[in-house]
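Participant: Based on what follows, work out the 3D shape:
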Amino acid sequence: MSRPRMLFKLAQAAILSACTLALLPQAHAAAAPDANTLDLGATDTSTPMTVSIVLKVKNPIYLDNYISDTVDPYSPLYHHFMSVAQFKATFAPSDQDVQALTSYLTGLGIQINQVYPDNLLINATGTAAQLNQAFTAGLHDYKDSKGNRFQRPTNGIALPGKLQNLVLYVSGLNTQSSSARPHLVNTNLLGNLAGAKNAKAALPASMPTNTGNQPGNFTTADVASFYGVNPLYAKGFTGQGRTLGIATLASFYPQDAYTYWQAIGLNVNPNRITQVHVDGGAALSATAGSGETSIDVEQSGGMAPGANIIVYDAPNTEAGFIDVFYRIVSDNLVDTLSCSWGSPEIFQFPVPYLQDPDARLVMVAYHQAFAEAAAQGISTFVAAGDSGAYDTNRDAPYPSFSKVLTVDSPASDPYAVAAGGSTVPATLTFSNGTVNTSAVINTEQVWGWDYLINPLAPFNGGAAATEALLFSSGGGGGVSMFWPRPFYQKAVPGIQTTQPNQVWTYTDSSGNVNYLYTIPANLQGRNLPDLALNADPFTGYVMCSTADAQAANPPQSNCFAAGWGGTSFVAPQLNGIFAVISQAKGSRLGLLHPQLYKMGLSNNLHNQPLHNQPLYDITAGDNWFYSGVRGYDQGSGLGSLNAAAVVNAIR
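Facilitator: Coordinates of the predicted model:
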């Protein structure tokens with residue numbers, strides 16, 4: 001065995017298989033229920049419910065090893081990716097096992113709607129009584145503080161005999177609205193900050209079809225210039241022959257994307273977009289997040305103008321978010337995949353007012369789908385979040401909730417490339433008509449809006465008041481408290497453990513402090529992000545969303561808006577960029593992490609000139625806690641990329 005092959009195998013042997021539930025130590029859950037969520041008692045037995053039953057993969061350690069071998073240049077399995085049928089035969093429950101489970105369910109009167117082709121998901125419908133009997137769920141009705149009613153199990157799922165070993169999780173028993181949200185931000189978020197609106201990008205009369213746009217008005221042409229994609233275009237690589245996948249929880253107007261591409265001068269296939277509606281499809285409105293889906297398609301398709309696009313949309317429910325990934329891998333039609341939705345990992349832990357006892361298994365359900373994607377050669381990119389190192393802040397804002405360092409899921413999954421955020425060089429000016437200030441960004445830095453505190457302080461009663469308004473917008477990153485450190489991060493300088501003194505509390509209107517959760521210190525968890533591109537709305541982008549234009553007050557006839565950002569832009573941009581790279585390499589790329597981290601280590605060892613580096617190390621800025629430093633950091637990961645050099649660096 002050659003020495004490189006031996007080293008790779010040693011790293012591979014250290015992998016911690018998530019599929020075997022080799023999870024990090026348990027944190028300490030709160031004991032007191034939330035006073036704002038009312039338990040209304042047992043669910044009416046006649047209530048109809050549709051559920052998705054996620055089955056466990058077989059041979060999970062072998063699956064992890066197989067995935068590693070497919071991206072090991074020294075392995076005979078290098079780029080020998082599986083079909084759905086091959087994956088099913090090797091890693092999924094057998095047809096006989098599935099038949100035993102479906103027979104058990106139909107015997108109780110439950111209707112089987114669909115068994116997914118990979119044998120990992122069964123969609124079924126039954127009454128609350130039937131589902132309680134099948135899974136000992138103990139379904140109860142609840143009402144939240146907004147008056148929304150929902151069902152949720154009070155027990156962990158249990159099945160008789162060998163069937164228990166088949167089932168990982170049953171989604172849909174918890175009908176509470178999903179906490180998943182899109183990761184996009186507009187400079188309008190600073191509407192309460194005097195002076196900030198003066199730096200808001202104004203939509204130009206016409207968008208240049210080349211580079212050189214102003215910050216806040218960037219297009220995918222500017223992204224291609226920033227990150228070394230133009231040399232690939234010059235060689236004829238535009239993603240032709242590749243299919244981009246978008247996983248989303250909101251429907252959209254496909255014409256938005258064509259309008260955007262036409263406006264920036266791209267000549268694309270007029271029939272390149274296909275929509276697949278999972279579980280009946282998602283809602284189409286600004287409040288549902290349709291602008292997010294428009295961004296995903298515009299950005300991914302703008303970076304890879306020769307590629308086709310399949311948009312998979314599902315309802316924003318727990319079951320919908322799981323089902324959309326299993327539908328994508330069961331179809332196996334896309335070469336690269338991005339998702340710009342997520343929620344804090346801690347929201348999946350059994351804090352009583354948030355989730356049921358099995359909630360953490362939702363993350364394992366995602367992981368199985370991402371593992372199948374990797375085995376099939378599909379590279380997956382997920383937005384890391386827009387609340388900096390304090391991921392809960394967007395939905396559980398400080399100071400009502402304490403500051404706690406946590407990361408976003410499913411970006412934290414070890415088989416997803418976590419897409420972080422940066423701020424590119426710019427000079428931003430602020431004014432209230434009397435006082436003028438500016439912020440000068442000299443080099444690409446980690447995105448965190450704390451760099452705006454001093455420039456905006458004169459307009460908002462000083463630095464402390466301004467900080468309270470800005471906290472904690474920035475690129476997501478940190479250390480997972482759920483996923484163990486994966487093999488590709490084992491020997492990487494800069495990788496950290498969870499920080500001490502991370503106690504999550506809620507202070508109610510009476511001033512009472514309610515303990516929610518303690519994150520154990522020094523957990524050796526998966527670090528994120530992996531890569532970072534420009535995501536700061538002040539150095540951000542133009543987008544087109546008819547849904548948002550119609551919802552504006554007053555309604556706008558023009559779908560375009562400027563000053564948009566967030567890691568929701570980065571995930572689809574990486575999706576498109578790596579589709580172009582995939583065309584240049586002549587193959588799907590599969591799990592990217594081992595080669596990306598090898599590139600990052602090579603950069604630091606050899607200090608190559610910038611134009612030769614596949615990855616550009618970001619060593620400035622912070623995301624409110626983690627600073628950009630030499631090597632890996634939890635603000636920008638391995639840094640940004642030079643796509644043309646990445647092609648040469650991938651074996």
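Participant: In the stretch 201-350 of the chain, what residue spans correspond to helices?
Facilitator: 220-226, 230-234, 254-263, 290-303, 318-331 (DSSP state H, counting those that start in this stretch).
Participant: which of these is buried the deepest?
Facilitator: The highest mean neighbour count among the helices of the stretch 201-350 of the chain, using mean count of other Cβ atoms under 10 Å, belongs to helix 290-303: a mean of 29. Using the backbone N, CA and C atoms, a C-beta is placed for each residue, glycine as well.
Participant: chain center to that one, what's the gap?
Facilitator: 15 Å (Cα atoms, centre = their mean, to the nearest Å).
Participant: just checking, what packs against that helix?
Facilitator: Applying 3 or more Cβ pairs under 8 Å, 6 or more residues apart in numbering; DSSP states H and E, one finds that helix 290-303 contacts helix 220-226, strand 243-248, helix 254-263, strand 308-313, strand 541-544, helix 546-551, helix 567-585.
Participant: Can you give me the end-to-end span of stretch 152-165?
Facilitator: Across its full length, stretch 152-165 reaches 22 Å between end residues, using Cα to Cα, to the nearest Å.
Participant: Go ahead and name everything in contact with it.
Facilitator: 56, 100-101, 104, 134-140, 142, 166-167, 169-170, 173-176, 356-358 (Cβ atoms under 8 Å, 6 or more residues apart in numbering).
Participant: Which of those fall in helices?
Facilitator: 100-101, 104, 134-135 (DSSP state H).
Participant: now for the helices of the stretch 201-350 of the chain, which one comes closest to residue 75?
Facilitator: Relative to residue 75, the nearest member of these by Cβ to Cβ is helix 318-331, separated by 22.2 Å.
Participant: elements contacting that closest one?
Facilitator: strand 48-55, strand 121-127, strand 167-171, strand 243-248, strand 308-313, helix 361-375.
Participant: Buried among the contacts of stretch 152-165? Make that a ChimeraX selection.
Facilitator: This is the ChimeraX syntax for the buried subset of those, where burial follows 16 or more other Cβ atoms under 10 Å:
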select :56,100,101,104,134,135,137,138,139,140,142,166,167,169,170,173,174,175,176,356,357,358
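Participant: Which secondary structure state does the residue located most distally from the centre of the chain sit in?
Facilitator: Most distant from the centre of the chain: residue 434, at 41.9 Å, with distances by Cα atoms, centre = their mean. Following DSSP: H, G, I helix; E, B strand; the rest coil, the label given to residue 434 is coil.
Participant: Please tell me how far it sits from residue 89.
Facilitator: 72 Å (Cβ to Cβ, to the nearest Å).
Participant: and what of residue 307?
Facilitator: 30 Å.
Participant: mind showing which ranges of the stretch 251-400 of the chain have poor pLDDT?
Facilitator: Within the stretch 251-400 of the chain, the stretches with pLDDT under 70 are 350-357.
Participant: redo that, cut-off 50
Facilitator: 352-355 (pLDDT under 50).
Participant: So in terms of bridging, what pairs with the residue most central in space within the chain?
Facilitator: Centroid check for the chain by Cα atoms, centre = their mean gives residue 382 as the closest residue, at 3.1 Å. Note on residue 382: beta-bridge partners residue 339, residue 418, judged by DSSP bridges.
Participant: check contacts around it.
Facilitator: Per Cβ under 8 Å, 6+ apart, neighbours of residue 382: 338-340, 342, 410-411, 413, 416-419, 571.
Participant: With residue 566 instead?
Facilitator: 182-185, 340, 383, 386, 421, 535, 537, 540.
Participant: Just the ones of those in helices?
Facilitator: Using DSSP H, none of the contacts of residue 566 sit in helices.
Participant: Pick the one among the residues you listed closest to residue 618.
Facilitator: Distances from residue 618 to these, taken by Cβ to Cβ, are shortest for residue 421, at 10.4 Å.
Participant: Taking the contacts of residue 382 together, which two end up most distant?
Facilitator: Farthest pair in these, by Cβ to Cβ: 340 and 413, 14.5 Å.
Participant: ok, the two, which is more surrounded?
Facilitator: Under the criterion of other Cβ atoms under 10 Å, the comparison of residue 340 against residue 413 puts residue 340 first, with 31 against 26.
Participant: The more buried one contacts residue 296, correct?
Facilitator: Yes. Using Cβ atoms under 8 Å, residue 340 is in contact with residue 296, at 5.7 Å.
Participant: if I look at those two, which residues touch both of them?
Facilitator: Common neighbours of residue 340 and residue 296 (Cβ under 8 Å, 6+ apart) are 248, 568, 571-572.
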